[in-house]
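Engineer: Here's my sequence, what's the structure:
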Amino acid sequence: MNHFVVMALIATLGTWFVTALGAAMVVFFTSPNPKSLNIMLGFASGVMIAASFWSLLQPAIERAAVSSNLPAYFVATAGFLCGALFMWASDKVVSLARRKTDSTEGKTNERLHRIIMLILSITLHNIPEGLAVGVAFGALQGGSYGPEDLMGAISVAVGIGLQNFPEGAAVSVPLRREGYSRRKSFLFGQASGMVEPIAGVLGALLVVYVETILPYALSFAAGAMILVAVHELIPECQRNQQSQPYLATMGIVLGFAVMMLLDVMLG
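Structural biologist: So this is what the prediction gives:
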């Protein structure tokens, strides 16, 4: 195997490991305290909204301006709308399956609906991130490269890895909110990042083709994340807020600020 592909695999295994560390945050919750989980759920919403622009849409526009024959605004808008429509269609499919389950079992399964939507959106978000790391390392095989080129690829992996920490918590904490055990919440949370090593290897192997596909994939993931954050997570974290109406809202603001800070600092 090409050693650049091996480097991409190692780097994306590292980003997956940071996702697992973020998912492990759920271990600190000995019981699902509503106030704590509301603010964490709001934090997860803020992370997803910030990541949609700083980690996905902005790089998609920049890459499309360089690699696409179409206008960058068209590429980003088309991918964004397709991502949102995909999640909407997925929602309809899950709702249909849930109604069939309700009719056969005589009970609702709303938790399953929310969990599938959440895990699917974060997983979709992790695919283009893994591709981005793979492309960064795969591009090194195009010719001679210096230490600054290698450090550039490493910085991409480090930046995405640090961003993955709150994203792991963005899956595991809502699962804990839905009543899942800490162990299951952690397992599902870290599993959402397991697609990154696969995508990283594919990105390194198909770097020439991925350069043109990547802007669409990035904006697609952004549309999916925005739909889930606005439709699922924000309404959920705002439940039972009569006593402290701004608790979850400040969680959203804090999550957005942390994610934006990481993205801007790490370039």
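Engineer: What segments of the chain are strands?
Structural biologist: Assignment of strands within the chain using DSSP state E yields no ranges at all.
Engineer: quick one, what contacts residue 222?
Structural biologist: 52-53, 56-57, 60, 79-80, 83 (CB atoms under 8 Å, 6 or more residues apart in numbering). To be clear about C-beta, it is placed using only N, CA and C from the backbone, and glycine gets the same treatment.
Engineer: so which of these is the most crowded?
Structural biologist: Within the contacts of residue 222, neighbour counts (other CB atoms under 10 Å) peak at residue 56, which reaches 30 neighbours.
Engineer: Quick check: that one touching residue 128?
Structural biologist: Yes: counting by CB atoms under 8 Å, residue 56 does reach residue 128; the two are 6.9 Å apart.
Engineer: Residues that sit against both of the two, list them.
Structural biologist: Common neighbours of residue 56 and residue 128 (CB under 8 Å, 6+ apart) are 218, 221.
Engineer: what's the nearest residue to residue 229 if we skip its chain neighbours?
Structural biologist: Of all residues not flanking residue 229 in the chain, residue 48 sits nearest, at 4.2 Å (CB to CB, 6 or more residues apart in numbering).
Engineer: and the closest residue to residue 196 other than its chain neighbours, how far is that from residue 69?
Structural biologist: Among residues not flanking residue 196 along the chain, residue 130 sits closest, at 3.5 Å (CB to CB, 6+ apart). Computed with CB to CB, to the nearest Å, the distance linking residue 130 and residue 69 is 25 Å.
Engineer: what do you get for residue 223?
Structural biologist: As judged by CB to CB, residue 223 and residue 69 stand 22 Å apart.
Engineer: One more: residue 128?
Structural biologist: Taking CB to CB, one finds residue 128 at 20 Å from residue 69.
Engineer: What is the neighbour count of the closest residue to residue 54 other than its chain neighbours?
Structural biologist: Spatially, and ignoring its direct neighbours in sequence, residue 54 is nearest to residue 263 (3.6 Å; CB to CB, 6+ apart). Residue 263 has 21 neighbouring residues, counting by other CB under 10 Å.
Engineer: Residue 162 too?
Structural biologist: Residues near residue 162, counting by other CB under 10 Å, number 17.
Engineer: Just confirm it contacts residue 259, I think it does.
Structural biologist: No: using CB under 8 Å, residue 162 makes no contact with residue 259, being 9.9 Å away.
Engineer: my guess is the residue nearest to residue 196 meets residue 200, correct?
Structural biologist: Yes: applying CB under 8 Å, one finds residue 130 in contact with residue 200, separated by 4.4 Å.
Engineer: Mind listing the shared neighbours of the two?
Structural biologist: 12, 15.
Engineer: who are the neighbours in contact with the residue nearest to residue 229?
Structural biologist: Counting by CB under 8 Å, 6+ apart, residue 48 touches 121-122, 125, 167, 170, 225-226, 228-229, 233, 255.
Engineer: cool, residue 227 as well?
Structural biologist: If you count contacts by CB under 8 Å, 6+ apart, residue 227 has them with 83-84, 87-88, 121.
Engineer: if you set the cut-off to 7 Å instead, what comes out?
Structural biologist: Taking CB atoms under 7 Å, 6 or more residues apart in numbering, we find residue 227 in contact with 84, 87-88.
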